[in-house]
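K.L.:
Give me a model of this one.
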Amino acid sequence: MLRMEVHGAITPPMSEYVCDGIAKAETQKAAAVLLELDTPGGLLDSTREIVQAMLNSPVPMIVYTAPQGARSTSAGVFIMMAADVAAMSPGTHLGAAHPVSIGGGIDPLKRKPGDSSEKRTTPTNAKENSKGDDSASVMGEKAVSDAAAYIRSLATDKGRNAAWAERAVRESVSLTSKEALAQGVIEIVAADRQQLFKSLDGREISKRGRKMIISLNGAVVREYPMGTLRKILQIIANPNLLMIFMMLGIYGLMYEFSSPGVGFGAVVGVVSLILAAYAMSILPVNYAGLLLILLSIVLLGLEFQMPTHGLLAVGGLTLLTLGSFFLFDTAESYLRVSLKMIAATVAFTGAFFFFVIGKLLESGRLEPTVGARIIIGRVGEARETLDPRGMVFVNGALWSAEAASRLDQGTRVKVLEMRGSILLVDKIEEVRHD
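P.N.:
All right, here's what the predicted structure looks like:
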């Protein structure tokens with residue numbers, strides 16, 4: 001038997017891991033595949049890939065929601081319904097597979113308790129009842145209908161309670177392990193793996209149109225862990241980390257542009273933005289929220305160029321907050337930036353910009369230490385022969401200088417003018433006291 005742990009959100013890295021494990025089990029002619037499941041849900045495309053691999057594999061698929069306290073919600077329900085044997089540990093639950101409509105709103109097919117489950121919202125009566133329905137409502141209706149039909153077909157094929165499976169999609173209902181067993185949603189409740197194997201041995205299942213007997217006598221459990229790279233990619237596919245990477249990338253590039261040269265800021269910025277882009281390719285990003293965040297950075301940057309006593313900065317922080325809220329196109333909490341992360345990001349950004357701007361405003365009231373205003377009229381010394389150009393030491397630094405006539409090394413000079421970075425100097429006549 002080959003065992004895999006599916007813990008966390010169902011994402012492309014997780015899907016690839018499970019599908020590769022199933023393929024390996026087929027190659028090794030394993031007695032069964034055991035998926036120990038604990039997931040809050042995930043992406044529908046990744047879930048479909050896992051379900052297809054499970055359904056098309058000749059190896060028996062056992063999905064076990066474990067350990068105690070684990071859950072199989074949202075996408076996890078689809079994986080449970082696709083299993084040849086569905087099992088749960090005591091103290092676990094499954095359900096709430098209702099898809100969220102575009103924009104994170106509530107889908108029109110989600111009903112209150114007591115509403116008729118047979119009632120449907122058709123394009124005709126929707127138009128008659130409300131002029132405010134739009135394409136988002138239609139897309140939400142289609143998503144629910146598609147998901148309901150999909151999970152109903154899975155449950156029916158495996159001989160499970162298809163009516164409850166559809167309610168899990170349409171009404172977001174959930175069940176404990178005992179309730180799931182009583183209602184025919186799962187086949188086994190087992191406290192541990194040993195008890196699970198005892199219940200599985202000799203069980204008859206229907207797989208790809210033929211009867212099979214699960215035989216675990218002498219079967220060795222072989223672990224198939226997720227590789228390091230996939231673990232890293234799975235971790236990166238996190239809304240909070242995406243926010244961190246994106247902000248680090250922006251700050252790194254802003255730092256690099258303020259002090260040109262390929263250095264630390266450029267490396268940190270580019271790497272962070274690449275990681276953020278990868279996470280965006282996986283997560284349901286709302287590009288309106290992303291644009292709000294980018295606009296907030298523009299406003300904060302403008303505060304540097306033309307200080308408005310904090311007006312642009314306050315506007316930028318407000319847009320940053322709104323953009324963070326709207327960054328992901330879902331109402332699922334595990335696929336959104338947490339409130340703590342939003343508060344920390346806004347607070348850090350505000351402290352950084354206000355600190356830097358305060359220093360800039362303060363420095364504007366001080367006398368400059370370099371530039372034409374301070375350097376003209378200063379006295380220095382020629383450190384090499386000027387014929388007509390050479391180096392002079394003025395105001396504590398070496399400068400390129402040019403003289404109207406030849407000046408020997410060691411000659412005392414005075415700065416007459418500054419052209420770019422070149423000083424125009426002349427000889428100072430020594431005054432003798434007899």
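K.L.:
Now do the strands in the stretch 151-300 of the chain.
P.N.:
174-176, 188-189, 204-207, 210-213, 222-223 (DSSP state E, counting those that start in this stretch).
K.L.:
What pairs with the fourth one, parallel or antiparallel?
P.N.:
Note on strand 210-213: by DSSP bridges, its sheet partners are strand 204-207 (antiparallel).
K.L.:
and what of the second one?
P.N.:
Using DSSP bridges, the strands paired with strand 188-189 are strand 85-88 (parallel).
K.L.:
can you dump the C-alpha coordinates of the partner strand into CSV?
P.N.:
Only the C-alpha atoms of strand 85-88 are listed here, as CSV (Å, rounded to 0.1, in the frame of the first residue of the first chain):
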residue,chain,number,x,y,z
VAL,A,85,-13.6,3.7,0.2
ALA,A,86,-14.2,6.8,2.2
ALA,A,87,-13.2,6.8,5.9
MET,A,88,-13.0,9.3,8.6
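K.L.:
What are the contacting residues of that strand?
P.N.:
Strand 85-88 has contacts (Cβ atoms under 8 Å, 6 or more residues apart in numbering) with 60-66, 72, 80, 94, 158, 160, 177, 180-181, 185-190, 196, 199-200, 203, 205, 214. C-betas here are computed from N, CA, C, even on glycine.
K.L.:
try stretch 159-176
P.N.:
73, 77, 81, 86, 92-99, 109-111, 113, 117, 144, 147-148, 151-152, 154-156, 183-186, 206.
K.L.:
and what of stretch 62-69?
P.N.:
32-38, 71-72, 76, 79-80, 82-92, 94, 177, 190-191, 193, 196, 200, 214.
K.L.:
what about burial for those, which qualify?
P.N.:
Listed as buried from those are 32-38, 71-72, 76, 79-80, 82-89, 92, 94, 177, 190, 193, 196, 200, 214; burial here means 16 or more other Cβ atoms under 10 Å.
K.L.:
so where's this protein uncertain?
P.N.:
Within the chain, the stretches with pLDDT under 70 are 100-137, 139, 257-263, 304-305, 307-308, 329-334, 356-373, 430-434.
K.L.:
Recalculate using a threshold of 50.
P.N.:
101-133, 360-361, 364-369, 431, 433-434 (pLDDT under 50).
K.L.:
that older thread, so of the buried ones among the contacts of stretch 62-69, which ones are in helices?
P.N.:
Counting by DSSP state H, the buried ones among the contacts of stretch 62-69 place 76, 79-80, 177, 193, 196, 200 in helices.
K.L.:
In JSON lines: the residues you listed, plus distance to residue 315.
P.N.:
Below are those laid out as JSON lines (distance: Cβ to Cβ, whole Å):
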{"residue": "76", "distance to residue 315": "42"}
{"residue": "79", "distance to residue 315": "45"}
{"residue": "80", "distance to residue 315": "48"}
{"residue": "177", "distance to residue 315": "51"}
{"residue": "193", "distance to residue 315": "57"}
{"residue": "196", "distance to residue 315": "58"}
{"residue": "200", "distance to residue 315": "61"}
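K.L.:
nearest to residue 328, of the residues you listed?
P.N.:
residue 76 (19.7 Å; Cβ to Cβ).
K.L.:
Surely the closest one touches residue 94?
P.N.:
Yes. Using Cβ atoms under 8 Å, residue 76 is in contact with residue 94, at 6.3 Å.
K.L.:
The closest residue to residue 394 other than its chain neighbours pairs with what?
P.N.:
In this structure, residue 394 finds its nearest non-sequential neighbour in residue 380, 3.3 Å apart by Cβ to Cβ, 6 or more residues apart in numbering. Beta-bridge partners for residue 380, by DSSP bridges, are residue 394, residue 413.
K.L.:
Residue 380: what's it in contact with?
P.N.:
392-395, 399, 412-415, 425.
K.L.:
Against residue 264, how distant is residue 147?
P.N.:
47 Å (Cβ to Cβ, to the nearest Å).
K.L.:
now residue 351
P.N.:
Applying Cβ to Cβ, the value for residue 351 to residue 264 is 21 Å.
K.L.:
and residue 58, how many neighbours?
P.N.:
11 (other Cβ atoms under 10 Å).
K.L.:
What are the phi and psi values at it?
P.N.:
Torsion angles at residue 58 (phi, psi; degrees, to the nearest 10) stand at phi -80, psi -10.
K.L.:
Do I have it right that it meets residue 210?
P.N.:
No. With contacts counted by Cβ under 8 Å, residue 58 stays clear of residue 210, the gap being 9.4 Å.
K.L.:
So for the helix or strand that contains residue 141, what gets flagged as buried?
P.N.:
Taking DSSP states H and E as the definition, residue 141 sits inside helix 135-157. Neighbour-count burial for helix 135-157 flags 137-138, 140-141, 143-144, 147-148, 150-152, 154-155 (criterion: 16+ other Cβ under 10 Å).
K.L.:
got those residues as TSV, with distance to residue 168 columns?
P.N.:
TSV is the format used below for the buried residues of helix 135-157 (distance: Cβ to Cβ, whole Å):
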residue	distance to residue 168
137	22
138	23
140	17
141	17
143	15
144	12
147	10
148	9
150	12
151	7
152	10
154	11
155	9
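K.L.:
out of the residues you listed, who's nearest residue 286?
P.N.:
Of all the buried residues of helix 135-157, residue 140 has the smallest distance to residue 286: 15.3 Å, by Cβ to Cβ.
K.L.:
If anything else comes up later, I'll come back, but that's it for now.
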